[in-house]
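> predicted coordinates and the sequence they were generated for:
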Amino acid sequence: MMPWYSVFHPSLLDPAAIKYIKEVWHSNHTPLLVVMDPQGRIVNTNALHMIWIWGSVAFPFTSMREEALWREETWRIELLADSIEPMIFNWIAEGKYICLYGGEDLEWIRKFTETAQAVARSAGIQLEMLYVGKSNPREKVRKNNDIIRAENLSHVLPDSTVIWFFWVRLESMLHSKLQHGKSFDDDPILREINVMLTYDGNDQGWAVICRGSNDWMRRANGDTVLTSLTNYKEWEDVARDRGFLPALNDHLEANKPPHHCNRLILPGTTGGVPERVVCAECGRSMERFFLYRCCTD
């Protein structure tokens, strides 16, 4: 229902308008979505993050609306996954355990999915698994999708566009939080977003597991979570007494390997470079470099 207007050619723009867009709106090579109210006043110089995260719920796309939406959020499966797989909402309603996992290593994927399903059967729980690949879903991820589907290892997303959207939303969450002055020290959701993006920037797999809408998600890198599931007999009795996820979380915490500081790669498709980013493992500020990457396939 909204009228759209476009400039036939950029040369038709007045030089003063170009200068304003570059210097005031800080436009570079990434898309901007500037929002004006009915009186023509600018209420948000870039609402693209809000669109990716909440869609039309974010209307009228003001900074105050953005802050209000974040106040209502917790780190839960609906925030992380949104509508990338509609069946997630059915799984939540049915009280099932949900596991999202990613990475490119097909052998790890096979071992992890088979081990996780075997543990679920032994523990008497219903587990649904969904592969979300990597932020740059190149040919390897597309092949993984086909193999996972063919071998019935888990659920997969329908195509590379949906995989890309999952990761763009996470990047948008990071930029949205940082542009509102949130810090890694006092914002638990920001810390979890940082961990997820760090997982994506490294080569190994990872997994997050939860049950229901209000459950804080447990997550670990690929080797750690696979080892804990492989050693399920060690914490099986605890799982029966305290519940599957609390027992898994305790085992993950007790068997953490010595931390290894990881890299964080932000393609920059959703906004500017944050001034400060902390290491997802040790919590210290990371040094800032400019990284230029070409396709390595």
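Noted; the coordinates are in hand.
> hey, where'd the helices end up in the stretch 151-297 of the chain?
Counting by DSSP state H, counting those that start in this stretch, the segments of the stretch 151-297 of the chain that form helices are 160-179, 188-201, 222-230, 232-242, 244-254.
> any idea of the mean pLDDT in stretch 77-96?
The average pLDDT for stretch 77-96 rounds to 91.
> so which bits of that stretch are buried?
Buried residues in stretch 77-96, defined by neighbour count with 16 or more other C-beta atoms under 10 Å: Ile77, Leu79, Leu80, Ala81, Asp82, Ile84, Glu85, Ile88, Trp91, Ile92, Lys96. (Each C-beta comes from the backbone N, C-alpha and C, glycine too.)
> chain center to it, what's the gap?
Mean-position distance between stretch 77-96 and its chain equals 14 Å (C-alpha atoms, centre = their mean, to the nearest Å).
> would you point out which residue is most central in this structure?
Leu170 (3.8 Å; C-alpha atoms, centre = their mean).
> Ile125 against Tyr97, yeah?
Yes. Counting by C-beta atoms under 8 Å, Ile125 sits close enough to Tyr97 to count as a contact (5.3 Å).
> overlap of the contact sets of these two?
Phe244 (C-beta atoms under 8 Å, 6 or more residues apart in numbering).
> look at the two and report which has more neighbours.
Tyr97 (21 against 16; other C-beta atoms under 10 Å).
> can you tell me how far the more buried one sits from Leu79?
When distances are taken as C-beta to C-beta, to the nearest Å, Tyr97 and Leu79 turn out to be 18 Å apart.
> got the domain boundaries for this structure?
10-71, 77-254 (automatic domain parsing).
> now, of those domains, which is deepest in the fold?
Here the criterion is mean neighbour count by mean count of other C-beta atoms under 10 Å, and of the domains of the chain the winner is domain 77-254, at a mean of 18.
> next up, the contacts around the residue nearest to Gln126 when sequence neighbours are not counted.
Here the nearest residue to Gln126 in space, its sequence neighbours aside, is Lys96; by C-beta to C-beta, 6 or more residues apart in numbering that works out to 4.4 Å. Lys96 makes contact with Gln126, Leu127, Glu128, Arg211 under the criterion C-beta under 8 Å, 6+ apart.
> next one: Gly133
Going by C-beta under 8 Å, 6+ apart, Gly133 touches Gly102, Gly103, Glu104, Val141, Asn144, Asn145, Leu157, Ser160, Ile163, Phe166.
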